[in-house]
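In: Any chance you could fold what I've pasted below:
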Amino acid sequence: MPRRRDVLAGLLGTALVQPPAARAAQPFRIGTILSATGAAAFLGQDMKDGAQLAIEQINAAGGTNGRPIDWVFYDAQSETQRAINDTRRLLTSDNADIIVGGGSMSGIALAMSAMVEQAGIPFISTEGAGGIVSPVAQHRWSFKSTVDDSLALQRLADFFDRRGIRRIALLADTSGFGQSATEQLRTIGPARGLDVQFLAFAPGDTDLTPQLLDARDHGAQAIVCWTVTPAGLIFLKQAQQLGLDEHVTLIHSYGFVANRYMELAGSATDKLLLLSQKFVIGDDLPDSDPVKRPILALDQAFRDRWKRAPNQFVAQTYDAVMLARRALEQGGDDHAHVRDALEGIRDFGSASGVFSFSAAQHSGLGKDNLVLVRWAGGRFRLVPDA
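Out: Numbers count the residues shown, from 1 in each chain. Below you'll find the model as predicted:
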(Lines give C-alpha, C1' and ligand atoms only; values in the text may rest on other atoms or scores of the structure.)
Protein backbone atom coordinates (compact mmCIF):
# COMPACT_ATOMS: atom_id res chain seq x y z
CA MET A 1 0.00 0.00 0.00
CA PRO A 2 1.38 3.50 -0.77
CA ARG A 3 2.33 5.81 2.04
CA ARG A 4 -0.60 8.06 1.21
CA ARG A 5 1.43 10.85 -0.33
CA ASP A 6 -1.73 12.12 -2.00
CA VAL A 7 -3.50 12.49 1.35
CA LEU A 8 -0.52 14.20 2.95
CA ALA A 9 -0.10 16.52 0.01
CA GLY A 10 -3.73 17.51 0.33
CA LEU A 11 -3.25 18.06 4.05
CA LEU A 12 -0.40 20.52 3.67
CA GLY A 13 -0.19 21.34 0.01
CA THR A 14 3.12 19.52 -0.26
CA ALA A 15 4.45 16.06 -1.13
CA LEU A 16 7.54 15.50 0.93
CA VAL A 17 7.02 11.87 1.93
CA GLN A 18 9.41 9.42 0.31
CA PRO A 19 8.03 6.13 -1.09
CA PRO A 20 8.84 2.92 0.83
CA ALA A 21 11.45 1.74 -1.69
CA ALA A 22 13.52 4.89 -1.16
CA ARG A 23 13.55 4.37 2.59
CA ALA A 24 14.00 0.61 2.90
CA ALA A 25 17.56 0.87 4.21
CA GLN A 26 16.93 3.88 6.43
CA PRO A 27 16.16 3.93 10.17
CA PHE A 28 12.59 3.72 11.36
CA ARG A 29 11.47 7.14 12.47
CA ILE A 30 9.32 7.65 15.56
CA GLY A 31 7.92 11.14 16.09
CA THR A 32 6.94 12.28 19.55
CA ILE A 33 5.07 15.36 20.77
CA LEU A 34 4.89 15.96 24.51
CA SER A 35 4.79 19.01 26.76
CA ALA A 36 8.09 19.26 28.61
CA THR A 37 7.33 22.93 29.35
CA GLY A 38 4.17 24.91 30.05
CA ALA A 39 1.21 23.91 32.20
CA ALA A 40 1.68 20.16 31.64
CA ALA A 41 5.44 20.14 32.25
CA PHE A 42 5.02 18.47 35.64
CA LEU A 43 4.16 15.25 33.80
CA GLY A 44 5.50 16.00 30.31
CA GLN A 45 9.17 15.92 31.27
CA ASP A 46 8.76 12.51 32.89
CA MET A 47 6.94 11.30 29.79
CA LYS A 48 9.74 12.56 27.56
CA ASP A 49 12.38 10.82 29.68
CA GLY A 50 10.41 7.56 29.58
CA ALA A 51 10.21 7.69 25.80
CA GLN A 52 13.89 8.55 25.47
CA LEU A 53 14.89 5.63 27.70
CA ALA A 54 12.89 3.25 25.51
CA ILE A 55 14.50 4.59 22.31
CA GLU A 56 17.98 4.26 23.82
CA GLN A 57 17.33 0.68 24.92
CA ILE A 58 15.97 -0.34 21.52
CA ASN A 59 18.97 1.12 19.69
CA ALA A 60 21.43 -0.35 22.17
CA ALA A 61 19.91 -3.77 21.46
CA GLY A 62 20.41 -3.41 17.71
CA GLY A 63 17.26 -1.54 16.72
CA THR A 64 14.21 -3.07 15.08
CA ASN A 65 14.85 -5.67 12.40
CA GLY A 66 18.43 -4.41 12.38
CA ARG A 67 17.31 -0.84 11.75
CA PRO A 68 17.89 1.84 14.40
CA ILE A 69 15.18 4.16 15.62
CA ASP A 70 15.53 7.79 14.61
CA TRP A 71 13.64 9.76 17.26
CA VAL A 72 12.18 13.17 16.43
CA PHE A 73 10.92 15.02 19.49
CA TYR A 74 8.90 18.24 19.72
CA ASP A 75 7.91 20.12 22.86
CA ALA A 76 4.33 21.32 22.44
CA GLN A 77 4.80 23.63 25.45
CA SER A 78 1.23 22.70 26.49
CA GLU A 79 -0.16 24.63 23.49
CA THR A 80 -2.54 22.96 21.07
CA GLN A 81 -1.67 25.14 18.07
CA ARG A 82 2.03 24.47 18.53
CA ALA A 83 1.31 20.74 18.66
CA ILE A 84 -0.76 20.97 15.47
CA ASN A 85 2.14 22.67 13.70
CA ASP A 86 4.57 20.05 14.95
CA THR A 87 2.24 17.25 13.89
CA ARG A 88 2.23 18.66 10.37
CA ARG A 89 6.02 18.54 10.38
CA LEU A 90 6.05 14.92 11.55
CA LEU A 91 3.57 13.95 8.85
CA THR A 92 5.48 15.61 6.03
CA SER A 93 9.08 16.82 6.19
CA ASP A 94 10.02 14.48 9.05
CA ASN A 95 8.53 11.41 7.36
CA ALA A 96 7.52 9.80 10.64
CA ASP A 97 6.67 6.11 10.43
CA ILE A 98 4.59 6.33 13.60
CA ILE A 99 3.76 9.03 16.15
CA VAL A 100 3.95 8.30 19.87
CA GLY A 101 2.73 10.84 22.42
CA GLY A 102 -0.11 13.35 22.19
CA GLY A 103 1.29 16.45 23.84
CA SER A 104 0.73 15.29 27.45
CA MET A 105 -2.80 16.75 27.34
CA SER A 106 -6.00 15.10 26.11
CA GLY A 107 -7.11 18.21 24.23
CA ILE A 108 -3.88 18.19 22.24
CA ALA A 109 -4.11 14.45 21.57
CA LEU A 110 -7.66 14.86 20.27
CA ALA A 111 -6.47 17.45 17.75
CA MET A 112 -3.56 15.25 16.71
CA SER A 113 -5.83 12.24 16.29
CA ALA A 114 -7.93 14.06 13.71
CA MET A 115 -4.78 14.86 11.70
CA VAL A 116 -3.35 11.34 11.70
CA GLU A 117 -6.70 9.91 10.68
CA GLN A 118 -6.70 12.13 7.62
CA ALA A 119 -3.07 11.33 6.85
CA GLY A 120 -3.20 7.58 7.51
CA ILE A 121 -0.24 7.46 9.91
CA PRO A 122 -0.32 5.23 13.04
CA PHE A 123 -0.57 7.16 16.32
CA ILE A 124 -0.18 5.91 19.89
CA SER A 125 -1.53 8.49 22.30
CA THR A 126 -0.21 8.58 25.86
CA GLU A 127 -3.16 10.67 27.05
CA GLY A 128 -6.39 9.66 28.75
CA ALA A 129 -9.58 10.85 27.02
CA GLY A 130 -11.56 8.02 25.46
CA GLY A 131 -12.51 10.20 22.49
CA ILE A 132 -8.94 9.93 21.21
CA VAL A 133 -9.68 6.40 20.03
CA SER A 134 -13.44 6.04 20.18
CA PRO A 135 -15.46 5.22 18.22
CA VAL A 136 -12.90 3.00 16.53
CA ALA A 137 -14.63 3.30 13.15
CA GLN A 138 -13.63 6.98 13.14
CA HIS A 139 -10.22 6.42 14.74
CA ARG A 140 -8.71 3.55 12.76
CA TRP A 141 -5.15 4.94 13.00
CA SER A 142 -5.25 6.05 16.65
CA PHE A 143 -4.38 3.89 19.68
CA LYS A 144 -3.80 4.58 23.38
CA SER A 145 -1.31 3.39 26.00
CA THR A 146 -3.71 4.44 28.77
CA VAL A 147 -6.93 2.88 30.00
CA ASP A 148 -10.23 4.27 28.70
CA ASP A 149 -12.14 6.58 31.03
CA SER A 150 -15.17 4.32 30.71
CA LEU A 151 -13.23 1.37 32.11
CA ALA A 152 -11.64 3.52 34.82
CA LEU A 153 -15.10 4.62 35.93
CA GLN A 154 -16.36 1.03 35.83
CA ARG A 155 -13.46 0.12 38.11
CA LEU A 156 -14.53 2.88 40.51
CA ALA A 157 -18.11 1.62 40.36
CA ASP A 158 -16.87 -1.82 41.42
CA PHE A 159 -15.20 -0.16 44.42
CA PHE A 160 -18.37 1.74 45.29
CA ASP A 161 -20.34 -1.50 45.18
CA ARG A 162 -17.98 -3.13 47.66
CA ARG A 163 -18.13 -0.15 50.01
CA GLY A 164 -21.88 0.41 49.75
CA ILE A 165 -21.41 3.88 48.28
CA ARG A 166 -24.34 4.98 46.12
CA ARG A 167 -24.31 8.81 46.15
CA ILE A 168 -21.26 10.46 44.62
CA ALA A 169 -20.13 13.78 43.20
CA LEU A 170 -17.86 14.02 40.17
CA LEU A 171 -15.79 17.20 40.29
CA ALA A 172 -14.24 17.35 36.82
CA ASP A 173 -12.29 20.10 35.13
CA THR A 174 -13.38 21.57 31.81
CA SER A 175 -10.43 20.16 29.85
CA GLY A 176 -10.80 17.31 27.40
CA PHE A 177 -9.68 14.91 30.14
CA GLY A 178 -12.28 16.05 32.65
CA GLN A 179 -15.14 16.34 30.22
CA SER A 180 -14.49 12.89 28.79
CA ALA A 181 -15.02 11.42 32.26
CA THR A 182 -18.17 13.51 32.72
CA GLU A 183 -19.63 12.25 29.46
CA GLN A 184 -18.85 8.62 30.29
CA LEU A 185 -20.23 8.78 33.83
CA ARG A 186 -23.55 10.20 32.61
CA THR A 187 -24.12 6.76 31.09
CA ILE A 188 -22.24 4.55 33.53
CA GLY A 189 -23.64 6.12 36.69
CA PRO A 190 -27.33 5.25 36.15
CA ALA A 191 -26.41 1.83 34.74
CA ARG A 192 -24.48 1.05 37.93
CA GLY A 193 -27.16 2.41 40.28
CA LEU A 194 -25.19 5.51 41.25
CA ASP A 195 -26.75 8.86 42.14
CA VAL A 196 -24.22 11.23 40.57
CA GLN A 197 -23.93 14.97 41.00
CA PHE A 198 -21.87 16.59 38.24
CA LEU A 199 -19.74 19.58 39.20
CA ALA A 200 -17.21 21.41 37.04
CA PHE A 201 -14.29 23.78 37.44
CA ALA A 202 -11.79 25.46 35.15
CA PRO A 203 -8.24 24.10 35.30
CA GLY A 204 -6.98 27.47 36.52
CA ASP A 205 -9.56 27.92 39.30
CA THR A 206 -8.19 28.79 42.72
CA ASP A 207 -11.35 28.29 44.82
CA LEU A 208 -13.41 25.12 44.73
CA THR A 209 -15.29 25.81 47.95
CA PRO A 210 -18.67 26.38 46.20
CA GLN A 211 -18.47 23.03 44.43
CA LEU A 212 -17.39 21.22 47.58
CA LEU A 213 -20.24 22.75 49.58
CA ASP A 214 -22.67 21.69 46.86
CA ALA A 215 -21.35 18.14 47.10
CA ARG A 216 -21.69 18.19 50.88
CA ASP A 217 -25.26 19.51 50.72
CA HIS A 218 -26.10 16.86 48.13
CA GLY A 219 -25.10 14.24 50.68
CA ALA A 220 -22.23 12.82 48.65
CA GLN A 221 -20.65 9.74 50.19
CA ALA A 222 -17.69 10.10 47.83
CA ILE A 223 -16.26 12.99 45.82
CA VAL A 224 -14.18 12.08 42.77
CA CYS A 225 -11.88 14.77 41.39
CA TRP A 226 -10.91 14.36 37.72
CA THR A 227 -7.99 16.57 36.69
CA VAL A 228 -4.26 16.51 36.02
CA THR A 229 -3.81 20.17 36.96
CA PRO A 230 -2.67 21.79 40.23
CA ALA A 231 -6.31 22.63 40.91
CA GLY A 232 -6.46 19.10 42.29
CA LEU A 233 -4.35 20.34 45.20
CA ILE A 234 -6.91 23.02 45.95
CA PHE A 235 -9.59 20.33 45.98
CA LEU A 236 -7.68 18.37 48.60
CA LYS A 237 -6.77 21.29 50.86
CA GLN A 238 -10.18 22.92 50.79
CA ALA A 239 -11.94 19.59 51.36
CA GLN A 240 -9.75 19.17 54.43
CA GLN A 241 -10.49 22.68 55.62
CA LEU A 242 -14.21 21.97 55.34
CA GLY A 243 -13.78 18.71 57.25
CA LEU A 244 -15.08 16.65 54.35
CA ASP A 245 -12.22 14.18 54.63
CA GLU A 246 -13.65 13.09 57.99
CA HIS A 247 -16.85 11.61 56.58
CA VAL A 248 -16.63 11.62 52.78
CA THR A 249 -14.43 9.34 50.66
CA LEU A 250 -12.14 11.57 48.60
CA ILE A 251 -10.78 10.09 45.37
CA HIS A 252 -8.47 11.40 42.66
CA SER A 253 -8.31 9.93 39.16
CA TYR A 254 -5.27 8.23 37.69
CA GLY A 255 -4.23 11.56 36.19
CA PHE A 256 -3.21 12.84 39.62
CA VAL A 257 -0.99 9.96 40.68
CA ALA A 258 2.25 11.93 41.04
CA ASN A 259 4.68 12.08 43.96
CA ARG A 260 5.09 15.82 43.55
CA TYR A 261 1.38 16.45 44.03
CA MET A 262 1.24 14.25 47.10
CA GLU A 263 4.21 16.03 48.67
CA LEU A 264 2.67 19.44 48.00
CA ALA A 265 -0.69 18.37 49.46
CA GLY A 266 0.84 17.36 52.79
CA SER A 267 -1.64 16.09 55.37
CA ALA A 268 -4.55 16.62 52.97
CA THR A 269 -3.63 13.25 51.44
CA ASP A 270 -4.04 11.33 54.70
CA LYS A 271 -7.43 9.87 53.75
CA LEU A 272 -7.20 10.25 49.98
CA LEU A 273 -7.63 7.31 47.61
CA LEU A 274 -6.36 7.40 44.03
CA LEU A 275 -7.34 5.28 41.06
CA SER A 276 -4.08 4.16 39.50
CA GLN A 277 -2.29 1.82 37.18
CA LYS A 278 -0.21 -0.74 39.03
CA PHE A 279 3.14 0.84 38.20
CA VAL A 280 3.40 2.92 41.37
CA ILE A 281 2.88 -0.07 43.68
CA GLY A 282 4.92 -2.67 41.80
CA ASP A 283 6.67 -4.10 44.83
CA ASP A 284 3.31 -4.51 46.62
CA LEU A 285 2.15 -6.90 43.89
CA PRO A 286 2.41 -10.69 44.26
CA ASP A 287 5.16 -12.36 42.24
CA SER A 288 2.44 -14.04 40.18
CA ASP A 289 1.24 -10.73 38.75
CA PRO A 290 2.47 -10.56 35.12
CA VAL A 291 3.31 -6.85 35.32
CA LYS A 292 5.48 -7.00 38.44
CA ARG A 293 8.70 -7.96 36.65
CA PRO A 294 8.33 -5.30 33.90
CA ILE A 295 7.56 -2.67 36.53
CA LEU A 296 10.63 -3.45 38.60
CA ALA A 297 12.84 -3.62 35.50
CA LEU A 298 11.70 -0.20 34.25
CA ASP A 299 11.99 1.28 37.72
CA GLN A 300 15.63 0.23 37.98
CA ALA A 301 16.52 1.21 34.41
CA PHE A 302 14.98 4.66 34.83
CA ARG A 303 16.79 5.24 38.13
CA ASP A 304 20.07 4.21 36.52
CA ARG A 305 19.57 6.53 33.54
CA TRP A 306 17.98 9.60 35.11
CA LYS A 307 18.99 9.31 38.80
CA ARG A 308 15.44 9.69 40.10
CA ALA A 309 12.37 7.54 40.66
CA PRO A 310 9.93 7.06 37.76
CA ASN A 311 6.16 7.49 37.87
CA GLN A 312 3.24 6.10 35.88
CA PHE A 313 3.64 8.81 33.23
CA VAL A 314 7.11 7.45 32.52
CA ALA A 315 5.57 4.00 32.03
CA GLN A 316 2.90 5.33 29.66
CA THR A 317 5.41 6.65 27.16
CA TYR A 318 8.01 3.92 27.66
CA ASP A 319 5.39 1.27 26.93
CA ALA A 320 3.97 3.25 24.01
CA VAL A 321 7.40 3.27 22.34
CA MET A 322 7.76 -0.45 22.95
CA LEU A 323 4.34 -1.04 21.38
CA ALA A 324 5.47 1.05 18.41
CA ARG A 325 8.61 -1.06 18.13
CA ARG A 326 6.54 -4.26 18.02
CA ALA A 327 4.30 -2.81 15.31
CA LEU A 328 7.23 -1.56 13.21
CA GLU A 329 8.93 -4.92 13.55
CA GLN A 330 5.90 -6.65 12.07
CA GLY A 331 4.65 -3.95 9.71
CA GLY A 332 7.88 -2.59 8.27
CA ASP A 333 7.60 0.41 5.94
CA ASP A 334 3.92 0.03 5.12
CA HIS A 335 1.80 2.30 7.33
CA ALA A 336 -1.29 0.14 6.93
CA HIS A 337 0.63 -2.97 7.96
CA VAL A 338 2.00 -1.15 11.02
CA ARG A 339 -1.55 -0.12 11.94
CA ASP A 340 -2.75 -3.70 11.51
CA ALA A 341 0.15 -4.97 13.62
CA LEU A 342 -0.83 -2.61 16.45
CA GLU A 343 -4.42 -3.74 16.28
CA GLY A 344 -3.26 -7.35 16.42
CA ILE A 345 -1.19 -7.05 19.61
CA ARG A 346 -2.45 -9.42 22.31
CA ASP A 347 -1.27 -10.12 25.88
CA PHE A 348 1.66 -7.71 25.65
CA GLY A 349 2.97 -7.55 29.22
CA SER A 350 4.46 -4.18 30.18
CA ALA A 351 5.01 -1.85 33.10
CA SER A 352 1.61 -0.21 32.56
CA GLY A 353 -0.30 -3.47 32.37
CA VAL A 354 -1.14 -6.20 29.88
CA PHE A 355 -2.08 -4.75 26.49
CA SER A 356 -4.56 -6.39 24.11
CA PHE A 357 -5.91 -4.40 21.18
CA SER A 358 -8.57 -5.45 18.69
CA ALA A 359 -10.59 -4.14 15.78
CA ALA A 360 -13.19 -2.99 18.31
CA GLN A 361 -10.84 -1.69 21.01
CA HIS A 362 -7.89 0.68 20.49
CA SER A 363 -7.22 1.20 24.20
CA GLY A 364 -5.21 -1.84 25.13
CA LEU A 365 -5.61 -1.87 28.91
CA GLY A 366 -8.60 -3.40 30.70
CA LYS A 367 -9.99 -2.31 34.05
CA ASP A 368 -8.21 -5.18 35.79
CA ASN A 369 -5.00 -3.19 35.27
CA LEU A 370 -6.30 -0.52 37.67
CA VAL A 371 -6.05 -0.50 41.45
CA LEU A 372 -6.82 1.86 44.33
CA VAL A 373 -3.79 3.32 46.08
CA ARG A 374 -3.03 5.68 48.94
CA TRP A 375 -0.06 7.86 49.85
CA ALA A 376 1.72 6.77 53.02
CA GLY A 377 5.29 7.06 54.24
CA GLY A 378 6.39 9.07 51.23
CA ARG A 379 5.22 6.54 48.63
CA PHE A 380 2.11 5.01 47.09
CA ARG A 381 0.76 1.82 48.64
CA LEU A 382 -1.83 -0.64 47.41
CA VAL A 383 -5.25 -0.47 49.10
CA PRO A 384 -6.17 -4.11 49.83
CA ASP A 385 -9.62 -5.40 48.89
CA ALA A 386 -10.52 -2.21 47.05
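
In: is it true that residue 224 touches residue 169?
Out: Yes: look at residue 224 against residue 169 with Cβ atoms under 8 Å: they come within range, at 7.1 Å. (Glycine included, C-beta is placed from N, CA and C.)

In: center of this protein, which residue is that?
Out: residue 127 (3.4 Å; Cα atoms, centre = their mean).

In: Break the chain into its domains for me.
Out: 5-147+294-369, 149-283+371-382 (automatic domain parsing).

In: Please convert these to a markdown table, extending it with mean pLDDT.
Out: Below are the domains of the chain laid out as a markdown table (pLDDT from 0 to 100):
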| stretch | mean pLDDT |
| --- | --- |
| domain 5-147+294-369 | 90 |
| domain 149-283+371-382 | 96 |
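
In: Now do the strands in the stretch 1-150 of the chain.
Out: 28-34, 69-75, 98-102, 123-125, 142-144 (DSSP state E, counting those that start in this stretch).

In: taking the ones you listed together, which one is wrapped up most tightly?
Out: strand 98-102 (a mean of 32; mean count of other Cβ atoms under 10 Å).

In: between that strand and strand 69-75, what angle do the directions make?
Out: The directions of strand 98-102 and strand 69-75 differ by 30 degrees, with axes from the mean of the first three to the mean of the last three Cα atoms, to 10 degrees as the criterion.

In: contacts for strand 98-102?
Out: 28, 30-34, 47, 51, 83, 87, 90, 108-110, 112-113, 116, 121-127, 132, 317, 320-321, 324, 327-328, 338 (Cβ atoms under 8 Å, 6 or more residues apart in numbering).

In: wait, residue 260 sits on residue 43?
Out: No: contact criterion Cβ under 8 Å: residue 260 and residue 43 do not qualify, at 9.2 Å.

In: The two: which is more packed in?
Out: Neighbour count, other Cβ atoms under 10 Å: between residue 260 and residue 43, residue 43 has more, with 27 against 13.

In: For the closest residue to that one other than its chain neighbours, list the residues it contacts.
Out: Using Cβ to Cβ, 6 or more residues apart in numbering and skipping residues adjacent in sequence, the residue nearest residue 43 is residue 313, 4.5 Å away. Counting by Cβ under 8 Å, 6+ apart, residue 313 touches 43, 46-47, 50, 104, 126, 258.

In: Now for the residues you listed: which two are most distant?
Out: 126 and 258 (14.7 Å; Cβ to Cβ).

In: Neighbour count: these two, which is higher?
Out: Using other Cβ under 10 Å, the more surrounded residue of residue 126 and residue 258 is residue 126, with 31 against 21.

In: dump the residue contacts of the more buried one.
Out: 34, 47, 100-102, 104, 109, 144-146, 313, 316-317, 320.

In: now residue 314
Out: Residue 314 neighbours (Cβ under 8 Å, 6+ apart): 46-47, 49-50, 53, 298, 302.

In: Return the distance of it relative to residue 250.
Out: Noted for residue 314: a distance of 26 Å to residue 250, by Cβ to Cβ, to the nearest Å.
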